[in-house]
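Novice: Sharing a model prediction with you, sequence too.
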Protein chains: 2
Amino acid sequence: MGSRVGKQSFNYSNPPAIISGAAIAGPDEGKGPLAANFDWVLDEPLFGEKTWEMAERKMLEESAKLALRKVNLQPQDVDFFLAGDLLDQIISANYAARGLEIPFIGLFGACSTFVEAILLGSMLADGGFAGRVLLASSSHNFTAERQFRFPIEQGVQRPLYSQWTVTISGALLLDAGGMGPRVVQGTVGKVVDLGVSDTNNMGAAMAPAAADTILAHFQDTGTDPDSYDLILTGDLGEVGISSLVKLLQQRGCDAGNKLQDCGLLIYDREKQDVHAGGSGCGCAAGVFTGLILNRLREGQYQKILFLATGALMSPTSSQQGESIPAVAHAAVITAG
Amino acid sequence: MGSRVGKQSFNYSNPPAIISGAAIAGPDEGKGPLAANFDWVLDEPLFGEKTWEMAERKMLEESAKLALRKVNLQPQDVDFFLAGDLLDQIISANYAARGLEIPFIGLFGACSTFVEAILLGSMLADGGFAGRVLLASSSHNFTAERQFRFPIEQGVQRPLYSQWTVTISGALLLDAGGMGPRVVQGTVGKVVDLGVSDTNNMGAAMAPAAADTILAHFQDTGTDPDSYDLILTGDLGEVGISSLVKLLQQRGCDAGNKLQDCGLLIYDREKQDVHAGGSGCGCAAGVFTGLILNRLREGQYQKILFLATGALMSPTSSQQGESIPAVAHAAVITAG
């Protein structure tokens, strides 16, 4: 049973536990510093399928199945599957749900989807509506680029402030009565838009939403950056993170030494040509599941604020002259 | 606080009340038999905007605002806004959320979105996470056709079994402590795919998902068609409804005299050239909000099963040879 805290936040009174997680990464991600943290690294981006979209779907579905296998559970042991991705009609999630045959709730929050799923899944568990909830999210460089920008075959030069869509999927299994790191609190974000219209500059579009949600969270809950061992953002990249630090400073909040970004953790930007860092629905999912979840289990972090930001961009609305709205959701996760 | 019932269903222990609703319909829908039930009927499909997408967004946002105004509430009186639509990246919902400035949870379930929102919104309210939740969904014939099939200017001949995407939006306001028709029970559907691949034949694609969820609901809850005054489906149209009746009969379930379909209620198919009936995210939203909600308030129905079915179709996956998966969610709603 939940209880509201301030304007946008709430407590889980029986915080659900994250009892399992799995991440499947693409070839480039397997050459980065987190390679050893992923359950699988693909040899090639097609994952044995005929199309990249089918490969992405398979990554999402296989990471969900793997999260179940790790704790010896079957799809029928799960009450709900909550998932989403970047592709139109969230086809990666829809077709994975067809394969899993678990009652399905489809989400779209662009790159905020994974934390949206954590918050909702935890509400369903804490609210008595589910014993176990499976969550997943994915992105694939080749599918996202051809949908949102240019087909990769075209070799269009990308500006240095652009981010690299990560090929990765991540899945978590929540259990209302299990043991493990716990989702104890959440903050749902508002849609914020400061007028950025360059679809290559997602960091700048998303940073204001991240700042808005972080400040709302601190105000609602009476916390500050020192309350957390880590403030983890999903995929702001270098441009977005430096923008976020400034936006927070303008409001008297110094979070710089607590902030880390999944989009900056996943690649070695000295050696990998990813410009401002990683992005994509799977980025937060894969880095949290592969790296941060284990650090929580090992007690390296006792309490973190995990924030995922979504640039709610659309080729259609961009072509019609609109700017890019963004949203950020935050979950407080403790070691146990 | 919820409690689980069977494999896919659950009870709300403090069922939230639907305290307000509003529907805005397009010009064609204003020529149909439900014209007098809608709050507004548009004179022209652009709604004073520059593009159809902007018109659809405005319909969604204005119906949400109108639902609030009817009970003298402001956006800041609402804890969450749950919305989705048919367009890529759910731009109608995203941009409406930007205007409303209510913490936003984006959903995608194609035409099942409205009941998905009712179920989730009711979980958030009953679970203690929200006092009031605003829900909305929309569709627009001109935006959906050019995204999923052909631009309407092209004048492509449509098969007689195809449905007509409805131009309409509907919004509901749920209140954890208010008075009005109540959401008492829910069933979340699995993704079902019997291999239909014709994107014009959504009724056939969606009927198996509807049957699956109805039968799961009856089994989980120990009910049958006689337990309800009405079994309302979202937008199966004539093909889908007759297919659903047969699928249920094959499983020994005779629901024919209790079934009505929003896609068949909204148009006069003798006079309006809509082929197999209406479809689209807004269809269930507009017909429930405009017509059925008032019948519940007036006591004409004491208890209904409201089901929305989504064809999770995608131009990309269709072009890659995939069939159309579908999902259906069901809510039990009582007069008070």
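Specialist: Nice, thanks for sending it over.
Novice: Grab the nearest non-local neighbour of the residue of chain A found nearest chain B.
Specialist: Residue nearest to chain B within chain A: A:G127 (2.6 Å; C-beta to the nearest C-beta). Where you see a C-beta, it was placed from the backbone N, CA and C, and this is true even at glycine. Nearest residue to A:G127, sequence neighbours excluded (C-beta to C-beta, 6 or more residues apart in numbering or on different chains): B:G127, at 2.6 Å.
Novice: Provide a list of residues in contact with that neighbour.
Specialist: A:M1, A:G2, A:M123, A:L124, A:D126, A:G127, A:G128, A:F129, B:M1, B:G2 (C-beta atoms under 8 Å, 6 or more residues apart in numbering or on different chains).
Novice: would you list the residues you listed in TSV and tack on distance to A:N14?
Specialist: TSV is the format used below for these (distance: C-beta to C-beta, whole Å):
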residue	distance to A:N14
A:M1	7
A:G2	10
A:M123	12
A:L124	12
A:D126	5
A:G127	10
A:G128	9
A:F129	13
B:M1	10
B:G2	13
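Novice: buried subset of the residues you listed?
Specialist: For these, a burial check counting by 16 or more other C-beta atoms under 10 Å in any protein chain shown picks out A:G2, A:M123, A:L124, A:D126, A:G127, A:G128, A:F129, B:G2.
Novice: residue contacts, the residue lying closest to A:T113 once chain neighbours are set aside?
Specialist: What sits nearest to A:T113 in space, not counting adjacent residues and going by C-beta to C-beta, 6+ apart, is A:G84, at 4.0 Å. Contacts for A:G84 (C-beta under 8 Å, 6+ apart) come out as A:I90, A:A93, A:G106, A:L107, A:F108, A:G109, A:T113, A:E116, A:A117, A:S137, A:C281, B:F108.
Novice: what's the closest of those residues to B:G222?
Specialist: A:G106 (28.4 Å; C-beta to C-beta).
Novice: What parts of the stretch 201-336 of chain A come near chain B?
Specialist: A:L312, A:M313, A:S314, A:P315, A:T316, A:S317, A:Q320, A:E322, A:P325, A:V327 (C-beta under 8 Å from any C-beta of the partner chain).
Novice: circling back to that earlier point, which of the buried ones among the contacts of B:G127 fall in helices?
Specialist: Assigned to helices by DSSP state H, the following of those qualify: A:M123, A:L124, A:D126.
Novice: end to end, how far does stretch A:270-282 reach?
Specialist: Taking C-alpha to C-alpha, to the nearest Å, the first and last residues of stretch A:270-282 lie 22 Å apart.
Novice: mind listing what's buried in it?
Specialist: A:Q272, A:V274, A:H275, A:A276, A:G277, A:G278, A:S279, A:G280, A:C281, A:G282.
Novice: any chance of those residues in a markdown table, with pLDDT too?
Specialist: Compiled in a markdown table, the buried residues of stretch A:270-282 are given as follows (pLDDT from 0 to 100):
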| residue | pLDDT |
| --- | --- |
| A:Q272 | 96 |
| A:V274 | 94 |
| A:H275 | 94 |
| A:A276 | 95 |
| A:G277 | 96 |
| A:G278 | 96 |
| A:S279 | 96 |
| A:G280 | 96 |
| A:C281 | 96 |
| A:G282 | 97 |
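Novice: Restricted to helices, list those residues.
Specialist: Here DSSP H is the test, and the buried residues of stretch A:270-282 give A:C281, A:G282 as lying in helices.
Novice: Max pairwise distance over the buried residues of stretch A:270-282: which two?
Specialist: Most distant of the buried residues of stretch A:270-282, by C-beta to C-beta, are A:Q272 and A:C281, 19.8 Å apart.
Novice: returning to what we had before: cross the contacts of A:G84 against strands and list the overlap.
Specialist: Assigned to strands by DSSP state E, the following of those qualify: A:G106, A:S137.
Novice: which among the contacts of A:G84 gets closest to A:D39?
Specialist: A:S137 (15.3 Å).
Novice: my guess is the closest one meets A:F288, correct?
Specialist: No - taking contacts as C-beta atoms under 8 Å, A:S137 lies outside contact range of A:F288: 9.9 Å.
Novice: what residues do the two have in common as contacts?
Specialist: A:F114, A:G170.
Novice: More neighbours: which of the two?
Specialist: Between A:S137 and A:F288, counted using other C-beta atoms under 10 Å in any protein chain shown, A:S137 has the larger neighbour count: 40 against 29.
Novice: how near is that one to A:C111?
Specialist: Noted for A:S137: a distance of 9 Å to A:C111, by C-beta to C-beta, to the nearest Å.
Novice: Helices along chain A, start to end?
Specialist: According to DSSP H, the helices that chain A contains are A:52-69, A:91-100, A:113-126, A:141-148, A:202-221, A:237-250, A:262-265, A:281-287, A:293-297, A:315-319.
Novice: Of those, flag the one that's most buried.
Specialist: Most buried of the helices of chain A, by mean neighbour count (mean count of other C-beta atoms under 10 Å in any protein chain shown): helix A:281-287, with a mean of 37.
Novice: sorry, back to before: ok, the contacts of B:G127 vs B:K65, which is closest?
Specialist: A:M123 (25.8 Å).
Novice: which residues does the closest one contact?
Specialist: By C-beta under 8 Å, 6+ apart, the residues touching A:M123 are A:G2, A:Y12, A:G186, B:M123, B:L124, B:G127, B:F129.
Novice: same deal with A:T334?
Specialist: Going by C-beta under 8 Å, 6+ apart, A:T334 touches A:P15, A:P181, A:R182, A:V184, A:L296, A:Q302, A:K303, A:I304.
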